[in-house]
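Novice: Pasting the sequence and the predicted coordinates here, then a few questions.
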Amino acid sequence: MSAPAKQSINTDTIIRLFRAVVVLGIIMTLGWWVWQNTQPEATHPFKLGLDLAGGSHLLYEADTSGVDPQDVPELMAVLRDVIERRINVFGVSEPIVQVEQSSFVTDTPIERLVVELPGVTDVSQAIEEIGRTPLLEFKLLDEEILAEQEALLSLNSLQSASGSVANIDNVRVNGEPVTERSPFVDTGLTGRYLEGAALEFAGQATGQLANEPIISVRFTPDGGQLFAQITRDNVGKQLGIFLDGELISAPNINEPIVGGQAVISGGFTPDEARALAQNLNFGALPVPISLVSTQTVGASLGAEVLGKGIQAGAWGLGLIMLFMVVWYRVPGLLAGLSLSAYVIMMLTLFQYIPVTLTAAGLAGFVLSMGMAVDANVLVFERMKEEFRNGLSSRAAAHAGFTRAWSAIRDGNITSLLSAIILFWFGTSVVKGFALVFGIGVILSMVSALIVTRTLLMSLPEVRDHSSRGAWLFGTGIKK
Amino acid sequence: MFAITYRIIFLYIAAGLVVVSGLLIGTLGLPFGIDFTGGSLTEVAYPTTMPAQSEVEAIVSAQVSAGFSVRVATDEAGRPAYMIRTPDLSDEARASLTDALTALADDSEITRFTTIGPVIGQELRDKAVWAIGGVVLIIILYVAFAFAGIGTPVSSWTYGGITIVVLAHDVLIPTALMSVLGYTMGAEIDVLFVMALLAILGYSVNDTIVVFDRVREKLVANRTEHKTSVTEVGGLVRETVTYTLHRPYDELVGEAVQETLARSINTSLTTSLALMALYFVGGSVTQTFALILLAGVLAGTYSSICIASPLLVAYAKWRNHA
């Protein structure tokens, strides 16, 4: 062998070794990061779902039927803020309040509110606190409908007075039965325009004897304008004040009210009035909500599930590595390293995206480890054939990667497509699983095609399958 | 290759498995859980003194008139507990139920409480159906596309179609297992089960594609291309490509199966190892999930070796005769 040739082989070997060292270095750095972030006060800790951390998950449905669809997103944002304020009052660490929409498989989009309360396992109190928040609405009395209804009533009383059994009950105006229509019409003025509420006693302002407790409410500038406009346009009409859908009072509008102040009176006891003012201050809901599902997991249960999940992951990783080393020997060992790299890369992403880890997500992750070595197995089987056919270990590895590529590509693309569809259709739990699954598919390819490949290429070359050391590149129990 | 030589036997076994699975699902029914039907589930642990089941039932029946079940269980920490399933509870009913249950013993603890409204259940069911349907559709399209131009003797759509037949087999068997688990152990179909099915879909296709990919490679290496150009009226030149195989199709398919056999078995082994770790070491929440997936992976391995390729050969032979 001539000197320059030897020289080039040496530089080549150095480059290969250098690449392997770089890859190993990156993985070890990532591993160190992951470990750092499991320490207390880490900057990017794992985000545990409620089923692992313990806590309550509440799902509310918002009734947006009476709202202009254009205003819905804004109203939901207001609702979210209001609920969050209320939750903060009773001191839950890191609550999550999210607006969620039912997917397009349902006929009409339903607006939902997801409330997650880590550490809260007595859900009754939480539900009560959230549910107690009143819904405040101002509605105008439509005298036409009222007149129609009254006319119908008097007609019916005349009928019964005259001894007739027949009752007129199906009178329709514009296709709607008169009796089922509320005579009160939405004005668009609701609790969302409220800035504050205070308990007062009627007569206080005018210096008279304070007797009846009332609540004076102050509107936001927008709300004040709206209120002024409503009162200006409807002088002489009745304005109904509704609390949680119930009419509390319906004062007459005597004159336009500017200045953004209004008074609610409705025969409250002082305690009731105080509670109401407080609730209004903490936020009147812009739209009514109802609880549709709850889930509570005890803290000890969550910790147990988490511990067992981690243990299962460790066992899975160990068993797979053991199998790979026993079956594929040196390449198997590298596949084991590459699998560890896969695990570390996944964990890094979990911390930095961050992906909320759930029991289902953990299970999916453990499953994905088993499938992540598949690309390695495909390559090694191909490599083994080429090696047997007389190629050197390195050439066989090259051929293995090249020829296994189409199978790896096709298999992974279908997996990736399924992950995308899952993400698209799924509920939040399924979305989490789909995300982990999809990222797993990509990273398993990265780990096989980059990590395993780089490490494999840095190994000393074995000339052919009859050389010394060939056993290291064989498979199975036989030589 | 044994799978091709004895393909009739293997296909009959598969058909038998599918029929038995179908019968099991048909007779035992599918145990849909509250994720899909709506309802409430309460798990209450009694670490020291376990009250009698009749006591608990009396408490539950005070709130719910019918349609509830009380089952002895153990919580995640291995403590004795009752698992109570009821229809969707109102807030007041839930509060009085939990109060009464925890009053039975000093150290009792509500370890799990879930309520799912019927609307959510319905929506989840619709979503599951859409997701599975969507995945199946994408898969058949992709396989037909990826294997387009594979030509003689069967078209790429056949490969796509067979992938779907194999999928049906791989999904039916774990579903039947779910029926049996529901019947014998009271296991329930939840969101995790749907995820397991979707993971099985992905695994099964992947497995089948690897074999088909090798078939494609064999076909390309063992054929001669014939191009014929026909000049049509109007001067349009249409080119058609036909292939002649140098070796019999069934022989090539057999070799493809043979050469991917080790890979199929090894990948199913590593995946099974992970799943067994999950089943034996992991929490009880994901135990059924692991078992269902294990059944799916084994079914998927069987089908990719003993169904997919034998079906290819059987179909090619049938078409040549027809």
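Specialist: Cool, got the structure. Numbering: from 1, shown residues only, chains lettered A, B, ... in the order given.

Novice: pretty sure A:Val343 contacts A:Ser368?
Specialist: No - the criterion here is CB atoms under 8 Å, and A:Val343 misses it with A:Ser368 at 9.5 Å. For every residue, glycine as well, the C-beta is placed using N, CA and C.

Novice: any low-confidence regions in chain B?
Specialist: By pLDDT under 70, the low-scoring segments of chain B are B:151-152, B:322.

Novice: how about the strands in it?
Specialist: Applying DSSP state E to chain B gives strands spanning B:39-45, B:69-74, B:80-86, B:109-116, B:223-231, B:237-245.

Novice: any chance of those in TSV, plus mean neighbour count and distance to chain A?
Specialist: Putting these into TSV (neighbours: other CB atoms under 10 Å in any protein chain shown; distance: least, CB to the nearest CB, whole Å) gives the following:
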stretch	mean neighbour count	distance to chain A
strand B:39-45	23	8
strand B:69-74	14	12
strand B:80-86	21	10
strand B:109-116	23	4
strand B:223-231	10	17
strand B:237-245	11	19
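
Novice: what's the next secondary structure element after the host helix or strand of A:Ala375?
Specialist: Following DSSP states H and E, one finds A:Ala375 within helix A:374-388. With elements assigned by DSSP H and E, the helix or strand that comes after helix A:374-388 is helix A:393-425.

Novice: CA atoms of the helix or strand that that next one is followed by as PDB?
Specialist: Note on helix A:393-425: by DSSP H and E, the next helix or strand toward the C-terminus is helix A:428-446. Output in PDB follows, covering the C-alpha atoms of helix A:428-446 (Å, rounded to 0.1, in the frame of the first residue of the first chain):
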ATOM      1  CA  SER A 428     -57.200  16.800  23.500                       C
ATOM      2  CA  VAL A 429     -56.100  13.400  24.900                       C
ATOM      3  CA  VAL A 430     -55.900  11.900  21.500                       C
ATOM      4  CA  LYS A 431     -54.100  14.900  20.200                       C
ATOM      5  CA  GLY A 432     -51.400  14.500  22.800                       C
ATOM      6  CA  PHE A 433     -51.000  10.900  21.800                       C
ATOM      7  CA  ALA A 434     -50.900  11.800  18.100                       C
ATOM      8  CA  LEU A 435     -48.300  14.400  18.700                       C
ATOM      9  CA  VAL A 436     -46.100  12.000  20.700                       C
ATOM     10  CA  PHE A 437     -46.700   9.400  18.000                       C
ATOM     11  CA  GLY A 438     -45.800  11.700  15.100                       C
ATOM     12  CA  ILE A 439     -42.700  13.200  16.700                       C
ATOM     13  CA  GLY A 440     -41.700   9.600  17.700                       C
ATOM     14  CA  VAL A 441     -41.900   8.500  14.000                       C
ATOM     15  CA  ILE A 442     -39.700  11.300  12.900                       C
ATOM     16  CA  LEU A 443     -37.200  11.000  15.700                       C
ATOM     17  CA  SER A 444     -36.900   7.200  15.300                       C
ATOM     18  CA  MET A 445     -35.900   7.800  11.700                       C
ATOM     19  CA  VAL A 446     -33.400  10.400  12.800                       C
END
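
Novice: could you check the angle helix A:374-388 makes with helix A:428-446?
Specialist: 20 degrees (axes from the mean of the first three to the mean of the last three CA atoms, to 10 degrees).

Novice: Show residues contacting helix A:428-446.
Specialist: With CB atoms under 8 Å, 6 or more residues apart in numbering or on different chains as the test, helix A:428-446 has contacts from A:49, A:100, A:114, A:342, A:345-346, A:349, A:355-356, A:358, A:360-361, A:364-365, A:368, A:371-375, A:408, A:412, A:415-416, A:418-420, A:422-423, A:426, B:127, B:131, B:191, B:194-195, B:199, B:202.

Novice: which among the residues you listed end up buried?
Specialist: When neighbours are counted using 16 or more other CB atoms under 10 Å in any protein chain shown, the contacts of helix A:428-446 contain these buried positions: A:49, A:114, A:342, A:345-346, A:349, A:355-356, A:358, A:360-361, A:364-365, A:368, A:371-375, A:408, A:412, A:415-416, A:418-419, A:422-423, A:426, B:127, B:131, B:191, B:194-195, B:199, B:202.

Novice: hang on, the earlier thing: show me what the helix holding A:Ala375 is packed up against.
Specialist: For helix A:374-388, the packing partners by 3 or more CB pairs under 8 Å, 6 or more residues apart in numbering or on different chains; DSSP states H and E come out as helix A:299-352, helix A:393-425, helix A:428-446, helix B:249-280.

Novice: And stretch A:256-270, how far out from the chain middle?
Specialist: When C-alpha coordinates are averaged (CA atoms, centre = their mean, to the nearest Å), stretch A:256-270 and its chain have centres 40 Å apart.

Novice: again but with stretch A:343-352, I slipped
Specialist: Taking mean C-alpha positions (CA atoms, centre = their mean), stretch A:343-352 and its chain are 19 Å apart.

Novice: how about stretch B:176-187, does it get close to chain A?
Specialist: No - figure legend: stretch B:176-187 not in contact with chain A (CB under 8 Å from any CB of the partner chain); closest approach 15.3 Å.

Novice: Show me what counts as buried in that stretch.
Specialist: So for stretch B:176-187, counting by 16+ other CB under 10 Å, buried means B:Ala176, B:Leu177, B:Met178, B:Ser179, B:Val180, B:Leu181, B:Gly182, B:Ala187.

Novice: before we move on, what about stretch B:126-138?
Specialist: Within stretch B:126-138, the residues scored as buried using 16+ other CB under 10 Å are B:Lys127, B:Ala128, B:Trp130, B:Ala131, B:Ile132, B:Gly134, B:Val135, B:Val136, B:Ile138.

Novice: Among the residues you listed, which are located in helices?
Specialist: Secondary structure assignment (DSSP state H) places B:Lys127, B:Ala128, B:Trp130, B:Ala131, B:Ile132, B:Gly134, B:Val135, B:Val136, B:Ile138 from the buried residues of stretch B:126-138 within helices.

Novice: Residue 16: how many residues sit nearby?
Specialist: No chain was given, so I picked chain A. Residues lying near A:Arg16 (other CB atoms under 10 Å in any protein chain shown) number 18.

Novice: let's do chain B instead
Specialist: Neighbourhood size, B:Gly16 [other CB under 10 Å]: 10.

Novice: roughly how far apart are it and B:Gly22?
Specialist: Applying CB to CB, to the nearest Å, the value for B:Gly16 to B:Gly22 is 11 Å.

Novice: Alpha carbons of the helix holding A:Ala375, as PDB, please.
Specialist: The C-alpha trace of helix A:374-388 is given here as PDB (Å, rounded to 0.1, in the frame of the first residue of the first chain):
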ATOM      1  CA  ASP A 374     -37.600  -1.100  13.500                       C
ATOM      2  CA  ALA A 375     -35.600   1.000  11.100                       C
ATOM      3  CA  ASN A 376     -32.400  -0.400  12.700                       C
ATOM      4  CA  VAL A 377     -33.700  -3.900  12.300                       C
ATOM      5  CA  LEU A 378     -34.500  -3.300   8.600                       C
ATOM      6  CA  VAL A 379     -31.000  -2.000   8.000                       C
ATOM      7  CA  PHE A 380     -29.200  -4.700   9.900                       C
ATOM      8  CA  GLU A 381     -31.100  -7.500   8.200                       C
ATOM      9  CA  ARG A 382     -30.200  -5.900   4.800                       C
ATOM     10  CA  MET A 383     -26.600  -5.400   6.000                       C
ATOM     11  CA  LYS A 384     -26.300  -9.000   7.100                       C
ATOM     12  CA  GLU A 385     -27.300 -10.300   3.600                       C
ATOM     13  CA  GLU A 386     -24.800  -8.000   1.900                       C
ATOM     14  CA  PHE A 387     -22.100  -9.100   4.300                       C
ATOM     15  CA  ARG A 388     -22.800 -12.700   3.600                       C
END
